[in-house]
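> take this sequence and fold it.
(2 chains)
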Amino acid sequence: TQLLEQSPQFLSIQEGENLTVYCNSSSVFSSLQWYRQEPGEGPVLLVTVVTGGEVKKLKRLTFQFGDARKDSSLHITAAQPGDTGLYLCCTNDYKLSFGAGTTVTVRA
Amino acid sequence: EAQVTQNPRYLITVTGKKLTVTCSQNMNHEYMSWYRQDPGLGLRQIYYSMNVEVTDKGDVPEGYKVSRKEKRNFPLILESPSPNQTSLYFCASSLLGLNTEAFFGQGTRLTVV
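Just a heads-up that it's a prediction; the model follows:
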């Protein structure tokens, strides 16, 4: 059983549309990280959220950590083909534990 | 350039033939770990190491061995590979601590026939 549940598993949208992916758990976490993995590459860290209710922005990407620190979301505004990839949430308390990921495809 | 280097990138082998996947990092990181990535399962940790000569099992250690004789290197050893170890493998390194950034290698795609 995955500690972190990510949804949806797959998401395909047209360039310019918005999208949101979710990372949920029944456990409380001190923090969550989001990584993006492009085909043929290893994951790369996008952001770390540490405070309940925290919102962080990275250009067109908005990350939110739930008030109860059990869930997180990633919202992409006006998606571009370069946003295509596998988005992974994980906890990092000396050991990385990943969700299964959401595969995002942005069609030109 | 700061990086984690894995070799080889691709490997096809036969059941039972011992193999080693190498991993090296140039960032002086204490923490190194190995993951396998399978469709629908995300990344699962195989083994990790918090420093030289300190290693421990992750979530899926069966069939794998590791060693950490030097800080920069963390090889993954499959003594007797089986087809269920066909997977995409990643090595990662980071500073030791909470919420540190993990740096990943480019992956090794292993096929055991």
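> show me which residues of stretch B:19-28 are buried.
For stretch B:19-28, burial by neighbour count (16 or more other Cβ atoms under 10 Å in any protein chain shown) applies to B:19, B:21, B:23-25. (C-beta placed from N, C-alpha, C; glycine too.)
> among the residues you listed, which are in strands?
In this view, the buried residues of stretch B:19-28 that belong to strands under DSSP state E are B:19, B:21, B:23-25.
> leaving out the residues flanking it, which one is nearest to the spatially most central residue of chain B?
In chain B, the residue lying closest to the centroid (Cα atoms, centre = their mean) is B:W34, at 2.9 Å. Nearest residue to B:W34, sequence neighbours excluded (Cβ to Cβ, 6 or more residues apart in numbering or on different chains): B:I46, at 4.3 Å.
> thought that neighbour was touching B:V60?
Yes - shown here, B:I46 and B:V60 form a contact pair, counting by Cβ atoms under 8 Å, at 5.6 Å.
> how about the residues of chain A that lie near chain B?
A:2, A:6, A:9, A:30-31, A:33, A:35, A:40-45, A:48, A:50, A:88, A:90, A:92-101 (Cβ under 8 Å from any Cβ of the partner chain).
> quick check: the gap between the closest residue to A:L11 other than its chain neighbours and A:H75.
In space, not counting the residues next to it along the chain, A:L11 is nearest to A:V104; the distance is 5.0 Å by Cβ to Cβ, 6+ apart. The gap separating A:V104 from A:H75 is 12 Å, by Cβ to Cβ, to the nearest Å.
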